[in-house]
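Asks: Mind looking at a prediction? Sequence and model below.
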Amino acid sequence: MESTPLDRETREQAWDELVATARRSVADGLVVGTSGNVSVRIGGTVLVTPSGVPYDRLTPADALGVDLDGHRLFGALKPTSELPMHLSVYRATDAAAVVHTHAVHATAVSTLVPELPLVHYMAGDLGGPVRVADYALYGSEELAAHVRHALRDRTACLLRNHGTLTYADTLARAYDRTAQLEWMCRVWLTASSVPGRTPTLLSAEQVAEAGRRLQGYGQGVSG
């Protein structure tokens, strides 16, 4: 898709939301320092957080955008090192926003299992059991490929010994999925740590049923 220049108002609004979300990820304990990254896609333009800059220092003048091939469209700062992973998701899905974090409980789970056990029906909002993408060096095309593989028919995955990635049609929804994923990981770790007890898990069918119900969840549906 060709990159149509964004008008000033659209760019400023998108950047403000992106920066606010990045700051929230720090406040909510999903990342530490400048780890993690956030992006939004508007047509053929991807706005993305920069590399190594504390989020509380970002200003409207720091807005950074690239096209789907990673070519800079505007901004002077260096993009996040995980840009290949973000762009890979955009090219392979209908995502309009991507959130990547180093959330503690999710990262811990990524070291233990090949997919998050079905401890809660909210897995249905993520497309089913959340897979763990194989480990590869951060920022590499290899990691981007592993993530793309783990996201087959899913909107979230764990990155082995690394963190999480979620996407959605809005930045708010992508962030909510990140928070839900971290919460489910915490629930599983808590339940599985009780001596002599094994967590009860849901079936794939139960999760799929919940996923269908969740598609109509919220104020937009009567009843």
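Replies: Alright, I've got the coordinates.
Asks: From the chain's centroid, how far away is stretch 13-28?
Replies: On the basis of C-alpha atoms, centre = their mean, to the nearest Å, stretch 13-28 sits 13 Å off its chain's mean C-alpha point.
Asks: averaged over its residues, what pLDDT does it have?
Replies: Per-residue pLDDT over stretch 13-28 has a mean of 97.
Asks: can you tell me which residues contact Leu171?
Replies: With contact set as C-beta atoms under 8 Å, 6 or more residues apart in numbering, Leu171 has these partners: Glu17, Leu18, Thr21, Val38, Val40, Ala96, Ala97, Val99. Just so you know, the C-beta spots here come from the backbone N, C-alpha and C atoms, and that holds for glycine as well.
Asks: Let's have those in JSON lines, adding neighbour count and secondary structure.
Replies: Conversion of the contacts of Leu171 to JSON lines gives the following (neighbours: other C-beta atoms under 10 Å; DSSP: H, G, I helix; E, B strand; the rest coil):
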{"residue": "Glu17", "neighbour count": "17", "secondary structure": "helix"}
{"residue": "Leu18", "neighbour count": "23", "secondary structure": "helix"}
{"residue": "Thr21", "neighbour count": "21", "secondary structure": "helix"}
{"residue": "Val38", "neighbour count": "29", "secondary structure": "strand"}
{"residue": "Val40", "neighbour count": "24", "secondary structure": "strand"}
{"residue": "Ala96", "neighbour count": "18", "secondary structure": "coil"}
{"residue": "Ala97", "neighbour count": "28", "secondary structure": "strand"}
{"residue": "Val99", "neighbour count": "31", "secondary structure": "strand"}
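Asks: got those as TSV, with distance to Thr80 columns?
Replies: Output for the contacts of Leu171, formatted as TSV (distance: C-beta to C-beta, whole Å):
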residue	distance to Thr80
Glu17	17
Leu18	11
Thr21	14
Val38	9
Val40	13
Ala96	18
Ala97	14
Val99	12
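Asks: Run a quick neighbour tally on His102.
Replies: Number of residues near His102 (other C-beta atoms under 10 Å) recorded here: 17.
Asks: Next, the residue lying closest to it once chain neighbours are set aside: phi, psi?
Replies: Once flanking residues are discounted, His102 sits nearest to Gly163: 4.1 Å by C-beta to C-beta, 6 or more residues apart in numbering. Main-chain torsions, Gly163, degrees, to the nearest 10: phi 170, psi -140.
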